[in-house]
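Enquirer: have a look at this fold, sequence not included:
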């Protein structure tokens, strides 16, 4: 089995200014195709020390996979370090320069002289195109057969390059093939320990496929299944079989798989039922709307929403009565109900969802403390409301309340099916 | 200046099951007291490989600071590796065993035989008590003066132990008390290479305080300044002086420092000028509103917004004329202008901001491709519009368009000041 060590490059890592999330991502991808990861390293922008580390890695493992240090500034020394340890001087790579110029032009900008440095590649290297950014990556094979690959440190650029360019090249070069396949079942409304109690014996009885649980905010838990097999097809069949066993136990709350978000699942369920949705947000301030709009094609079911931050907007835009606001306050069951009904009517939608609460840090009172949130859901036949008391800071309360709002929509769908 | 390398231990790191956040935390703390971090490493639960790595680190640096691998299972080999490289056999540490038994008793449990292993400490080591968990940490000084410190991998346990036990011991042992202070200046509208060209000579001419740049999405770049000095006050003065020099060069676009976000800066500037804001979002779907509402106290200036996802909502809620939509389409300068003016009037705000665009992946045409976004800003005296052609997938287009919308507000503030 071929072996790799990872090098994350950037002095900011050694100063503790950044968490290195790239190594985790790369390690997972390499393991997935059957490449063993022996170690990870974080190194600074120091060309001598970096070159020594690359040499040390090549003495122990078949490949060094590097991220970062490909920017346009004098700090960025990754190219130079590889040129030294691979004995391959940097040369201008014309195709990369043209791609960079085209990219800048499309954005109405011109590359500076600094940017040209980013098209300098060690002689003989295989270039890894970067569809999402300026700096191309590259991979060199030394005379002794050891491989050094370099990708940008920006996670979005690195991730696409890794999966689309580097992994296929490594798989061909080292004759490895995909052996590990994972699948995440996303649940809402269970909580980790109840879910654990429900499927624990499935976990304990087997190692392949394996089961792990990952708890997120607000009662969202992922059940992660991982199978190893000689090929993807066999691994996928193993996962299908295990997933079916889990679904026989966990009868509600599994809303999606892998990249399917809760908002995606709501969109698909609304579309299948011919329903439309509108939202009225106070404390969540547009977060639920943004979650919905992140889903491609959501316009089929989502009509839009109002962020009614000022009380006056609740009255003018959502027809919440001034009397309700005066008697019960903006954060109350009554206001939440009127907001949901108001946006449903006003936006001519089948279902209206609302949020109103105290996100903090200020504005709490003994009766209405920070973290108090009211949700309401106005459906054709009835309006429901839910009271929450959420922990955490302002960002936590907003995030948890938004997830709870989507979870309320999901529960409505499950109960009506 | 004493030097350190960090070792995060656990096979799960090499499998990519976990992100190592400990190294960032430890690096920041060591830098803060004047200990240089040369490199970080992630290692698996393999005693030979780990011992070799510890020896290599001791050959390069004054100390190896390790996290993880102190659990009660056979996987946990950190103690054993240190015993080998420090030539100090493991011995039962009675005080640690008693502390562990007391801790279990308080929770109504009894330690298992495995847990006893956690009180085995290399002979002669200085024990680091763990008030938050079972496993104590320890630090050994080898015959050659090199130091190896081990702490648990659980972040909550490690963090308390680091600050309360290990850092004071290291500060005394190495006689350090230097301090590092960092400050980030957040810019918008420059881009990394233009900013680099503007201040590069400041970078190149000095190492302390140092300057680094960190590029984010959508022409947002942070300039990070770091000063080392004998005390925090002197370091802060050095940063003040460098910041002033940078601000003389970078005359516009610096909107905030450290935890100040662009939305925060807009909120503060609007409040100082007695202005209020409302937003009308189509393609950004609530993201700008959510960015604003993330700022505590934003209700002083933010009235609310409309997510006008369906065209009918643009007409009904924002008074965009049906004729404009028919003649120019929803994604057009004319629609963007009417949306901004409509929400400004309707929400009775000083300024209205709007977005309309093609976020993709579907819906693009040759005339209006995916990534085309129109922004408009309706102020008391005039309405401006801006056309953008943004790269990336749906999430990228939404994020970049949102940042560009906030940047347009910021530019209005700067130009009117």
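Expert: Alright, I've got the coordinates. Everything numeric here is computed off the predicted structure, so don't read it as measured data.

Enquirer: so how many other residues sit close to the nearest residue to residue A:413 once chain neighbours are set aside?
Expert: Using Cβ to Cβ, 6 or more residues apart in numbering or on different chains and skipping the chain neighbours, the partner closest in space to residue A:413 is residue A:269 (4.5 Å). The C-beta positions use only the backbone N, C-alpha and C, and glycine is treated the same way. Residues contacting residue A:269 under the criterion other Cβ atoms under 10 Å in any protein chain shown number 19.

Enquirer: what's the answer for residue A:171, then?
Expert: Using other Cβ under 10 Å as the criterion, residue A:171 is surrounded by 15 other residues.

Enquirer: need the three-state assignment for it.
Expert: Reducing the assignment at residue A:171 to three states with DSSP: H, G, I helix; E, B strand; the rest coil gives helix.

Enquirer: for it, give its distance to chain B.
Expert: 17 Å (Cβ to the nearest Cβ, to the nearest Å).

Enquirer: that residue contacts residue A:177, doesn't it?
Expert: Yes. Using Cβ atoms under 8 Å, residue A:171 makes contact with residue A:177 at a distance of 6.3 Å.

Enquirer: mind listing the shared neighbours of the two?
Expert: residue A:33 (Cβ atoms under 8 Å, 6 or more residues apart in numbering or on different chains).

Enquirer: just how off-centre is stretch A:136-154 within its chain?
Expert: Remark: stretch A:136-154 is offset 26 Å from the chain centroid, using Cα atoms, centre = their mean, to the nearest Å.

Enquirer: what about that stretch, average pLDDT?
Expert: Here the mean pLDDT over stretch A:136-154 is 96, rounded to a whole number.

Enquirer: tell me the contacts of the residue nearest to residue A:156 when sequence neighbours are not counted?
Expert: Taking Cβ to Cβ, 6+ apart, and ignoring the residues beside it in sequence, residue A:156 has residue A:132 as its nearest neighbour in space, at 5.7 Å. Under the criterion of Cβ under 8 Å, 6+ apart, the contact partners of residue A:132 comprise A:154, A:156-157, A:160-161, B:391-392, B:396.

Enquirer: repeat for residue A:307
Expert: With contacts defined as Cβ under 8 Å, 6+ apart, residue A:307 is in contact with A:281-282, A:285-286, A:289, B:279, B:286, B:289, B:293, B:304-307.

Enquirer: so it, which of the three states?
Expert: Residue A:307 ends up strand, using three-state DSSP.

Enquirer: from residue B:352, how far out is it?
Expert: With distances defined as Cβ to Cβ, to the nearest Å, the gap from residue A:307 to residue B:352 amounts to 13 Å.

Enquirer: intersection of neighbour lists for these two?
Expert: Counting by Cβ under 8 Å, 6+ apart, the common neighbours of residue A:307 and residue B:352 are residue B:279.

Enquirer: ok, residue A:229 to residue A:3 distance?
Expert: Applying Cβ to Cβ, the value for residue A:229 to residue A:3 is 21 Å.

Enquirer: where exactly do the strands run in the stretch 151-300 of chain A?
Expert: In the stretch 151-300 of chain A, the segments counted as strands under DSSP state E, counting those that start in this stretch are A:180-188, A:210-215, A:220-228, A:254-257, A:277-281.

Enquirer: quick one on the thing from earlier: quick check, pLDDT for the residue nearest to residue A:413.
Expert: 96.

Enquirer: report the distance from the helix or strand containing residue A:342 to the chain centre.
Expert: Here residue A:342 sits within helix A:333-346, counting by DSSP states H and E. Between the mean C-alpha location of helix A:333-346 and the chain-wide mean there is a distance of 32 Å, by Cα atoms, centre = their mean.

Enquirer: between strand A:277-281 and that helix, find me the angle.
Expert: 140 degrees (axes from the mean of the first three to the mean of the last three Cα atoms, to 10 degrees).

Enquirer: who does helix A:333-346 touch, helix- and strand-wise?
Expert: strand A:277-281, strand A:302-308, helix A:311-318, helix A:322-328, strand A:351-357, strand A:372-378, strand A:383-389 (3 or more Cβ pairs under 8 Å, 6 or more residues apart in numbering or on different chains; DSSP states H and E).

Enquirer: what about the fourth one and chain B, touching?
Expert: Okay, so that is helix A:322-328. No. Applying Cβ under 8 Å from any Cβ of the partner chain, one finds that helix A:322-328 is not in contact with chain B, the shortest distance being 14.5 Å.

Enquirer: and that helix, what does it pack onto?
Expert: Under the contact rule (3+ Cβ pairs under 8 Å, 6+ apart), helix A:322-328 is packed against helix A:311-318, helix A:333-346.

Enquirer: quick one on the thing from earlier: can I get the helices and strands packed on helix A:333-346 in JSON lines including distance to residue B:67 and mean pLDDT?
Expert: Rendered in JSON lines, the data for the helices and strands packed on helix A:333-346 read as follows (distance: least, Cβ to Cβ, whole Å; pLDDT from 0 to 100):
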{"stretch": "strand A:277-281", "distance to residue B:67": "41", "mean pLDDT": "98"}
{"stretch": "strand A:302-308", "distance to residue B:67": "43", "mean pLDDT": "96"}
{"stretch": "helix A:311-318", "distance to residue B:67": "50", "mean pLDDT": "92"}
{"stretch": "helix A:322-328", "distance to residue B:67": "51", "mean pLDDT": "96"}
{"stretch": "strand A:351-357", "distance to residue B:67": "38", "mean pLDDT": "98"}
{"stretch": "strand A:372-378", "distance to residue B:67": "37", "mean pLDDT": "98"}
{"stretch": "strand A:383-389", "distance to residue B:67": "35", "mean pLDDT": "96"}
